[in-house]
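> how would this look folded up:
(2 chains)
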There are 2 protein chains.
Amino acid sequence: MIKQSAADRIYHSAKGLFYERGYKKTTTRHITREADANLGLIKYYFDSKKVIAYRVLDDYFHEIYYSIANYVNEDEDPLLYSYTFTHTIVSLMFQDPKVERFILESLTNEVMDHLEGALLKSPFYTISEKILKEHSFSEILDTEQTILLNLTAFHNTLKSIGSIRRQRPDSFTPFQLRIYQFKMTYFGLGLIVSEKDQKLEEAYELSNRIIKETPFLNAPETFFTSPQNSLRW
Amino acid sequence: MIKQSAADRIYHSAKGLFYERGYKKTTTRHITREADANLGLIKYYFDSKKVIAYRVLDDYFHEIYYSIANYVNEDEDPLLYSYTFTHTIVSLMFQDPKVERFILESLTNEVMDHLEGALLKSPFYTISEKILKEHSFSEILDTEQTILLNLTAFHNTLKSIGSIRRQRPDSFTPFQLRIYQFKMTYFGLGLIVSEKDQKLEEAYELSNRIIKETPFLNAPETFFTSPQNSLRW
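Prediction:
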């Protein structure tokens, strides 16, 4: 019980700080102070700040992913499900500068390696597998290789659109960067997404509805600052 | 004269250290010691280690780029020129673990922002422009936007293949990662590259020949450790 709550306190304190101060400016010292813990406990439960960030991101992506299950059947239309997920992630980034900063700063090489390492057991794997049954990215890569490379491209592209918005706020519209995210993400699963794609439009409307109707998406800070979200693992 | 040579000493010392020790493990203190300079001079000429790295990368990419001019006419076949460039970069990464480490570590967000900021004045811009005359990535992006996003994807993909080789050395063959680099890079310019692409084969053979016949490519350490390569700017 006591062990659980120390890990939980560290996790929740870090999550709130990552959101409010940013990932880069949050030190392990800030986390220990906020969590009323010590460096040894962070080391013991999480090893490092990077591992906490990986778990926050992983939880965040999973929560968003599962919130779509009430609206789309993954088996009936895996592509609509996946499009809606991507739309939602991008919308949340564009709507809340603190979410965008967190994603941009925390997706370091090491954190991405962690995320991609956990891939095989995740719903992102199974949905990509379903999409790949109808499409093919490359003849010389098997399904597992394709999905791994695709997840890397997904993360890199998310980071890039965040970085471009920060560096060149007037060079691109959100719509243009969104299309870029879609084109790059789904090309890696063998699809050529067009700007006029009907399903893209459908997913966009659905994503807006889901964000509106889902409390933790509707107010993005909820996920990061409310204590009720518990560790998934 | 004196000003020139201090900047040059810093640049050359840093370049050698980035190659031998790696970018991450090289501190500004190492550079000042090796260059017989002080921190103030680094600050004055380069601002930071990141700016030195950006200039080394930029010079490296340009040197490789220009070495192809003796073999392919850029106006006659811009795609073959560009393919050969990409093949050469990837081959050098795969042939020399120190080159790979340098590219992987130095392509941080900030360094990438610098590189992409210098894009408009570079030959990478004009060749992409030539390719885009025959192709289109997206109707809603203009040429400049497309090329900027494409360069980002090119850098991200280079980093990804380096990172995957380090994390999962047995998961992919060099050939598979090379194809991935090509597919992602040229998709961003509106081309769907196939594994069986004839021009890809041609560029590969040409790239091997260029590497063999060009001293600084043939022995990759030459670029980083020999003092004769001067600053381009």
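
> three-state assignment of residue A:23?
With DSSP: H, G, I helix; E, B strand; the rest coil as the basis, residue A:23 sits in coil.

> could you do residue A:177 as well?
Assignment for residue A:177 (three-state DSSP): helix.

> isn't it up against residue A:162?
No. With contact defined as Cβ atoms under 8 Å, residue A:177 does not reach residue A:162; the gap is 9.0 Å. Using the backbone N, CA and C atoms, a C-beta is placed for each residue, glycine as well.

> in chain A, which spans are helices?
Here chain A has its helices, by DSSP state H, at A:2-20, A:28-35, A:39-46, A:49-67, A:78-95, A:97-106, A:109-117, A:123-132, A:143-167, A:174-187, A:198-213, A:215-218, A:221-225.

> same for the second one, what does it pack against?
Spelled out, that is helix A:28-35. helix A:2-20, helix A:39-46, helix A:49-67 (3 or more Cβ pairs under 8 Å, 6 or more residues apart in numbering or on different chains; DSSP states H and E).

> and of those helices, who's closest to chain B?
helix A:49-67 (13.9 Å; Cβ to the nearest Cβ).

> show me chain A divided up by domain.
A:1-47, A:50-219 (automatic domain parsing).

> minimum distance to residue B:46: which of those has it?
Closest to residue B:46 of the domains of chain A is domain A:50-219 (Cβ to Cβ; 20.0 Å).

> ok, which residues in chain A are in contact with chain B?
A:104, A:109, A:112-113, A:116-117, A:137-141, A:145, A:148-149, A:152-153, A:156-157, A:159-160, A:163-164, A:167, A:171-172, A:175-176, A:179-180, A:183-184, A:187-188, A:192, A:195 (Cβ under 8 Å from any Cβ of the partner chain).

> rewinding a little: in CSV: the helices and strands packed on helix A:28-35, plus distance to residue B:30 and mean pLDDT.
Shown next, in CSV, are those (distance: least, Cβ to Cβ, whole Å; pLDDT from 0 to 100):
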stretch, distance to residue B:30, mean pLDDT
helix A:2-20, 32, 86
helix A:39-46, 28, 92
helix A:49-67, 25, 94
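
> pipe these into a markdown table and attach distance to residue B:205 and mean neighbour count per row.
A markdown table is the format used below for these (distance: least, Cβ to Cβ, whole Å; neighbours: other Cβ atoms under 10 Å in any protein chain shown):
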| stretch | distance to residue B:205 | mean neighbour count |
| --- | --- | --- |
| helix A:2-20 | 49 | 18 |
| helix A:39-46 | 50 | 16 |
| helix A:49-67 | 42 | 20 |
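
> so which of these is nearest residue A:129?
Closest among the helices and strands packed on helix A:28-35, using Cβ to Cβ: helix A:49-67, at 14.7 Å.

> residues in contact with the closest one: which ones?
For helix A:49-67, the external contacting residues (Cβ atoms under 8 Å, 6 or more residues apart in numbering or on different chains) are A:10-11, A:14-15, A:18, A:23, A:26-28, A:31, A:42, A:46, A:85, A:88-89, A:92, A:102-103, A:106-108, A:110-111, A:114-115, A:118, A:122-124, A:210, A:214, A:216-217, A:223-224, A:229, A:231-233.

> same question for stretch A:24-35.
In contact with stretch A:24-35 (Cβ under 8 Å, 6+ apart) are residues A:6, A:9-10, A:12-14, A:16-18, A:21, A:37-39, A:41-42, A:48-49, A:52, A:105.

> what subset of the residues of chain A next to chain B is buried?
A:104, A:109, A:112-113, A:116, A:137-138, A:141, A:145, A:148-149, A:152-153, A:156-157, A:159-160, A:163-164, A:172, A:176, A:179-180, A:183-184, A:187-188 (16 or more other Cβ atoms under 10 Å in any protein chain shown).

> which one is the residue in chain A that chain B sits nearest to nearest to, not counting chain neighbours?
The minimum distance from chain A to chain B, using Cβ to the nearest Cβ, falls at residue A:156 (3.9 Å). Leaving aside its chain neighbours, residue A:156 sits nearest to residue B:156 (3.9 Å; criterion: Cβ to Cβ, 6 or more residues apart in numbering or on different chains).

> I'd say that neighbour and residue A:160 touch.
Yes. The pair residue B:156 and residue A:160 qualifies as a contact (Cβ under 8 Å) at a distance of 6.3 Å.

> what about the residue lying closest to residue A:192 once chain neighbours are set aside, distance to residue B:91?
Nearest residue to residue A:192, sequence neighbours excluded (Cβ to Cβ, 6+ apart): residue B:192, at 7.4 Å. Distance, residue B:192 to residue B:91, using Cβ to Cβ, to the nearest Å: 23 Å.

> again with residue A:218
50 Å.

> ok, now residue A:59?
Applying Cβ to Cβ to residue A:59 and residue B:91 gives a distance of 40 Å.

> nearest residue to the middle of chain A?
Taking Cα atoms, centre = their mean, the centroid of chain A lies closest to residue A:61, which sits 3.9 Å from it.

> can you pull out the residues in contact with the lowest-mean-pLDDT helix or strand in chain A?
Sorting the helices and strands of chain A by mean pLDDT, DSSP states H and E puts helix A:109-117 at the bottom, at a mean of 84. With Cβ under 8 Å, 6+ apart as the contact definition, helix A:109-117 has outside contacts at A:50-51, A:53-54, A:57-58, A:148, A:151-152, A:155-156, B:104, B:159, B:163, B:167.

> which residues of chain A score low on pLDDT?
Applying pLDDT under 70 to chain A flags residues A:1-4, A:227-233.

> ok, now which ones touch the residue of chain A closest to chain B?
A:112, B:153, B:156-157, B:159-160.

> nearest to residue B:129 among those residues?
Distances from residue B:129 to the contacts of residue A:156, taken by Cβ to Cβ, are shortest for residue B:153, at 16.4 Å.

> surely residue A:6 and residue A:40 touch.
No. Judged on Cβ under 8 Å, residue A:6 makes no contact with residue A:40 at a distance of 10.4 Å.

> what is in contact with these two at once?
By Cβ under 8 Å, 6+ apart, no residue touches both residue A:6 and residue A:40.

> thinking again about what came up before, neighbour count winner among residue A:218 and residue B:91?
residue B:91 (20 against 12; other Cβ atoms under 10 Å in any protein chain shown).

> that one reaches residue B:210, doesn't it?
No. In this structure residue B:91 lies outside contact range of residue B:210 using Cβ under 8 Å: 9.5 Å.

> can you give me the neighbour number for residue A:76?
Neighbour tally, residue A:76, other Cβ under 10 Å: 8.

> quick check: phi and psi on it?
The phi/psi pair for residue A:76 (degrees, to the nearest 10) reads phi -70, psi -40.

> do residue A:140 as well
phi -100, psi 10.

> what's it in contact with, if anything?
Contacts of residue A:140 by Cβ under 8 Å, 6+ apart are B:175-176, B:179, B:195.

> and chain A, which of these contact it?
Restricting these to those near chain A - Cβ under 8 Å from any Cβ - leaves B:175-176, B:179, B:195.

> let me see the contact set for the closest residue to residue A:158 other than its chain neighbours.
Leaving out its chain neighbours, the residue that sits closest to residue A:158 by Cβ to Cβ, 6+ apart is residue A:103, at 6.2 Å. Contacts for residue A:103 (Cβ under 8 Å, 6+ apart) come out as A:57, A:93, A:158-159, A:162.
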